[in-house]
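Peer 1: Predicted structure and sequence below. I'll ask about it afterward.
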Amino acid sequence: MSRSVAIIAFHNSLAAAGLRHLLDRHFDVPAIVVDCQALEAQATRVEAQYIFVDTQTFVAHLEFLLPRRAAVIIADKQPHPDNFSTLDVTMSESDLIDRLNNLISTRPSTEQKPHELSQRELDVLRQIVAGKINKEIAAELGISLNTVLTHRKNITAKLGIKSVSGLSFYALMNNLV
Amino acid sequence: MINRDTPLADVVLAEPSVLPVLNRLGISLGLGDTTVEQAASALTLDPQFLVTILNTYTDVDYFPERAFSAFSLEQMVGYLNKTYVYYTRFLLPNIDRHFSLLMATVDAEQSNLNVIKAFYEQVKEELLHRIAADVNEWFPSVLKHAKQASPLEPETPLPAADDNDSESLENKIDDLKSMLVIHLKGDHDSNLAYAVLVAINNLQRDFRKNNRLRNRILRPIDKLLKTLQ
């Protein structure tokens, strides 16, 4: 399974560095902070799965970003009128992690097959197979209980497997344990 | 809807998957023009019980809890005992046989069928354990409680059933089917894989339907009888 890569093109370099740190530390998604002008060339070069832009960059590169709607996440407090995903980067760290979790876990990967799990879902699966309960998984991965439940729902939907023993055999079958 | 006057042949022609239900009650093919009521009388079964069982089996949305709770517990337990015999003597050996034949056709290095088979063995063991516990301990205890308690009024509300457990056997059988359909890897004999899938599907369908009788009728009645003692 190929790893997801994120591109961050913000005018606020501090916000960009903070987001890069969160993606790397909590989601195992390597992120490249790029100059806003160089967004198009860089995003194409690395085949970015997530493209984080601020509103100014979004407007400047609208033509490039429109066809890549599934990958785009706009740093904005308000929901986007055309339903682009948005992320309020002024939120607290834990809220940001929860929001990113939602954005990343519900985002269909362009390279992922329908039954393949995201890196975060794999992390949750390993915890389930290790016999951890939801509360323990949340604490272990530093995410909220609701996010764990969302991951579990997505895992079941993708694999068609509900029981812990079924998931354990799936993990065994795929050398995940 | 099936009623007392419906010829059994019509029921089986419309829904052949109902035949194992008739088989476990001692009715086999060559049905002629026997109606549901005539067949029930010959087996000293309550005709309405047979009508309800057949409707429940042929219509997935039909499960009249009130009607079921009015039938005798001996009748329900007797039916579930026969259902378990059908699983142990026919359904499980059928899955075993087809699995073994399929296993012989795959390259163990490339295929993950051995892991799926191991999961099947675990599910089978749990099912056999459940059957043994029900037949040897739980069913006799339900009948004992029923004898000791006063008969339930026909409209007595039953306690809520608690059957939403993700670790339930039903879910594990569903998972087994998903593993085969979604996750099987490597070359294999398609006809044999289909035979395994059909055999598992038969178990899944029968278990899901009859488990409703166990979990949504018998368990709540037993719970109620215990509280009445």
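Peer 2: Everything's here; your move.

Peer 1: so where's the chain shaky on pLDDT?
Peer 2: Since you didn't name a chain, this refers to chain A. Scanning chain A for pLDDT under 70 picks out the ranges A:1-3, A:105-115.

Peer 1: The chain in question should be chain B.
Peer 2: In chain B, residues with pLDDT under 70: B:149-166, B:229.

Peer 1: can you do 80?
Peer 2: By pLDDT under 80, the low-scoring segments of chain B are B:148-167, B:226-229.

Peer 1: what residue of it is the furthest out?
Peer 2: Distance to the chain centre peaks in chain B at residue B:109, reaching 35.8 Å (criterion: C-alpha atoms, centre = their mean).

Peer 1: If you count neighbours, what's buried in stretch A:35-55?
Peer 2: By neighbour count on 16 or more other C-beta atoms under 10 Å in any protein chain shown, the buried set for stretch A:35-55 is A:36, A:39, A:40, A:42, A:43, A:48, A:49, A:50, A:51, A:52, A:53, A:54. Bear in mind the C-beta positions are built from the backbone N, C-alpha and C, glycine included.

Peer 1: Among those, which lie within helices?
Peer 2: With helices defined by DSSP state H, the entries of the buried residues of stretch A:35-55 inside them are A:39, A:40, A:42, A:43.

Peer 1: So the third one sits against residue A:36, correct?
Peer 2: So that's residue A:42. No. Between residue A:42 and residue A:36 there is no contact, the gap being 10.3 Å when judged by C-beta atoms under 8 Å.

Peer 1: For the longest helix seen in chain B, enumerate the helices and strands it packs against.
Peer 2: In chain B, taking DSSP H as the definition, the longest helix is helix B:190-212. The contact analysis (3 or more C-beta pairs under 8 Å, 6 or more residues apart in numbering or on different chains; DSSP states H and E) places helix B:190-212 against helix B:19-24, helix B:47-58, helix B:73-86, helix B:92-103, helix B:169-183.

Peer 1: The ones you listed: which one's closest to chain A?
Peer 2: Distance to chain A, taken as C-beta to the nearest C-beta, is lowest for helix B:169-183 among the helices and strands packed on helix B:190-212, at 3.2 Å.

Peer 1: now the closest one against helix B:92-103, angle please.
Peer 2: With axes from the mean of the first three to the mean of the last three C-alpha atoms, to 10 degrees defining the directions, helix B:169-183 sits at 20 degrees from helix B:92-103.

Peer 1: For helix B:169-183, which helices and strands make contact with it?
Peer 2: Using 3+ C-beta pairs under 8 Å, 6+ apart, helix B:169-183 is in contact with helix A:145-159, helix A:164-173, helix B:113-133, helix B:190-212.

Peer 1: got the CA coordinates for the first one in PDB?
Peer 2: Going back to what we said before, that points to helix A:145-159. The C-alpha coordinates for helix A:145-159 follow below in PDB (Å, rounded to 0.1, in the frame of the first residue of the first chain):
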ATOM      1  CA  LEU A 145     -13.700   7.900  21.600                       C
ATOM      2  CA  ASN A 146     -16.000   9.100  18.700                       C
ATOM      3  CA  THR A 147     -13.100   9.000  16.300                       C
ATOM      4  CA  VAL A 148     -12.300   5.400  17.400                       C
ATOM      5  CA  LEU A 149     -16.000   4.500  16.700                       C
ATOM      6  CA  THR A 150     -15.800   6.200  13.300                       C
ATOM      7  CA  HIS A 151     -12.600   4.200  12.500                       C
ATOM      8  CA  ARG A 152     -14.300   1.000  13.600                       C
ATOM      9  CA  LYS A 153     -17.300   1.700  11.500                       C
ATOM     10  CA  ASN A 154     -15.100   2.400   8.500                       C
ATOM     11  CA  ILE A 155     -13.100  -0.800   9.100                       C
ATOM     12  CA  THR A 156     -16.200  -2.900   9.200                       C
ATOM     13  CA  ALA A 157     -17.600  -1.200   6.100                       C
ATOM     14  CA  LYS A 158     -14.400  -1.700   4.100                       C
ATOM     15  CA  LEU A 159     -13.700  -5.300   5.200                       C
END
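
Peer 1: mind listing what's buried in that helix?
Peer 2: For helix A:145-159, the buried set under the neighbour-count rule, 16+ other C-beta under 10 Å, comprises A:147, A:148, A:150, A:151, A:152, A:154, A:155, A:156, A:158, A:159.

Peer 1: what sits against the residue nearest the centre of chain A?
Peer 2: Closest residue to the average C-alpha location of chain A: residue A:104 at 2.3 Å, with C-alpha atoms, centre = their mean. With contacts defined as C-beta atoms under 8 Å, 6 or more residues apart in numbering or on different chains, residue A:104 is in contact with A:4, A:27, A:29, A:50, A:118, A:120.

Peer 1: now do 7 Å
Peer 2: A:27, A:118, A:120 (C-beta atoms under 7 Å, 6 or more residues apart in numbering or on different chains).

Peer 1: Looks to me like residue A:32 is in a strand.
Peer 2: Yes. Assigned with DSSP: H, G, I helix; E, B strand; the rest coil, residue A:32 falls within a strand.

Peer 1: right, and it touches residue A:42 too?
Peer 2: Yes. With contacts counted by C-beta atoms under 7 Å, residue A:32 reaches residue A:42, the gap being 6.5 Å.

Peer 1: Can you show me the strands along chain A?
Peer 2: For chain A, the strands defined by DSSP state E cover A:6-9, A:31-33, A:50-54, A:72-75, A:85-87.

Peer 1: The helices and strands packed on helix B:190-212 into CSV, with extra columns for distance to residue A:9 and mean neighbour count?
Peer 2: Putting those into CSV (distance: least, C-beta to C-beta, whole Å; neighbours: other C-beta atoms under 10 Å in any protein chain shown) gives the following:
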stretch, distance to residue A:9, mean neighbour count
helix B:19-24, 63, 19
helix B:47-58, 61, 20
helix B:73-86, 63, 18
helix B:92-103, 53, 18
helix B:169-183, 38, 20
